[in-house]
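In: here's a sequence, model it:
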Amino acid sequence: MDEGTRENARARAAEIASALLESLPGIKRQLSSDIRAAYNDDPAAQSPEEVTLSYPCIYAIATYRIAHELYRRGVPIIPRILSEHAHSRTGIDIHPGAKIGENFFIDHGTGVVIGETVEIGNNVRIYQGVTLGAKSLSHAEVTTLRGKKRHPTIEDDVVVYSGATILGARTVIGKGAVIGGNVWITSSVPAYTTVMEASPRRRTRK
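Out: Modelled structure (predicted):
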């Protein structure tokens, strides 16, 4: 690397660092809304301080919000390192490219996966084991779709219960919908709709 390239890299790094510092008040405001959502939605929470210091979702979301700022400014590798560190600590896998609104709460959180091009609105609550992912791709499709929309959109005020799997770029979960546990969704759900598995038949053997 010649000196001119090094100088350009230093200037770019300084620009990104300055932009990240300027974004911190906005990140703090978003995190305050996430903490408030966790406290308001979880009757087990004794105080906002308990949520802040002990809830794995806050660690994961805080890391995501910083990583997302770096990701959208084109910083290579570092955003993924941050997100994978949080993943290893919490079991919550949020790609830094995802777009997540305010008042976001992941209850319990273990096993949650949120893909790169997921879009999540405001006041969304999801539970453990939820996957917001892409459909399986062939090798040719991987090359074609790299960097393009592949994951679902979750609109405002949606609740997604544990174990639900929601896949695909064209899948939109409408505002106010409730997605029950363990459902598999690959098509859009209208606003204010509840989706759940049919009740299983119980059999008792002696």
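
In: strands along this protein, start to end?
Out: Along the chain, the segments classed as strands by DSSP state E run 93-94, 99-100, 105-107, 113-114, 119-120, 125-127, 131-133, 153-154, 159-160, 165-167, 172-173, 178-179, 184-185, 194-195.

In: what's the most buried one of those strands?
Out: Among the strands of the chain, ranked by average contacts under mean count of other C-beta atoms under 10 Å, first place goes to strand 153-154 (a mean of 26). The C-beta positions use only the backbone N, C-alpha and C, and glycine is treated the same way.

In: follow-up on the earlier one: now tabulate the strands of the chain in CSV and tack on mean pLDDT and distance to Thr63.
Out: Shown next, in CSV, are the strands of the chain (pLDDT from 0 to 100; distance: least, C-beta to C-beta, whole Å):
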stretch, mean pLDDT, distance to Thr63
strand 93-94, 98, 8
strand 99-100, 98, 12
strand 105-107, 97, 13
strand 113-114, 98, 12
strand 119-120, 98, 16
strand 125-127, 98, 17
strand 131-133, 98, 17
strand 153-154, 98, 20
strand 159-160, 98, 21
strand 165-167, 98, 23
strand 172-173, 98, 25
strand 178-179, 98, 25
strand 184-185, 96, 27
strand 194-195, 97, 30
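
In: redo those as TSV? Include distance to Leu31.
Out: Formatted as TSV, those follow (distance: least, C-beta to C-beta, whole Å):
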stretch	distance to Leu31
strand 93-94	14
strand 99-100	11
strand 105-107	12
strand 113-114	17
strand 119-120	15
strand 125-127	16
strand 131-133	20
strand 153-154	19
strand 159-160	21
strand 165-167	25
strand 172-173	24
strand 178-179	25
strand 184-185	29
strand 194-195	30
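
In: so which of those is nearest Ser83?
Out: For Ser83, the closest of the strands of the chain is strand 93-94, at 6.0 Å, according to C-beta to C-beta.

In: by contact count, what packs against the closest one?
Out: Packing partners of strand 93-94 (3 or more C-beta pairs under 8 Å, 6 or more residues apart in numbering; DSSP states H and E): helix 56-72, helix 78-90, strand 113-114.

In: need the residues that contact the longest one.
Out: Going back to what we said before, that points to helix 56-72. Applying C-beta atoms under 8 Å, 6 or more residues apart in numbering, the contact partners of helix 56-72 are 16, 19-20, 23, 27, 30-31, 34-35, 38, 51-52, 78-80, 82-83, 85-87, 89-92, 94, 96-100, 104-107, 109-110.

In: do that again at 6 Å, thanks
Out: 20, 23, 27, 30-31, 34, 52, 78-79, 82-83, 86, 90, 92, 94, 96-97, 106, 109 (C-beta atoms under 6 Å, 6 or more residues apart in numbering).

In: buried set for it?
Out: Buried residues in helix 56-72, counting neighbours by 16 or more other C-beta atoms under 10 Å, are found at 56-71.

In: average pLDDT across that helix?
Out: Here helix 56-72 scores 97 as its mean pLDDT.

In: can you list the low-confidence ranges for this protein?
Out: Applying pLDDT under 70 to the chain flags the ranges 1.
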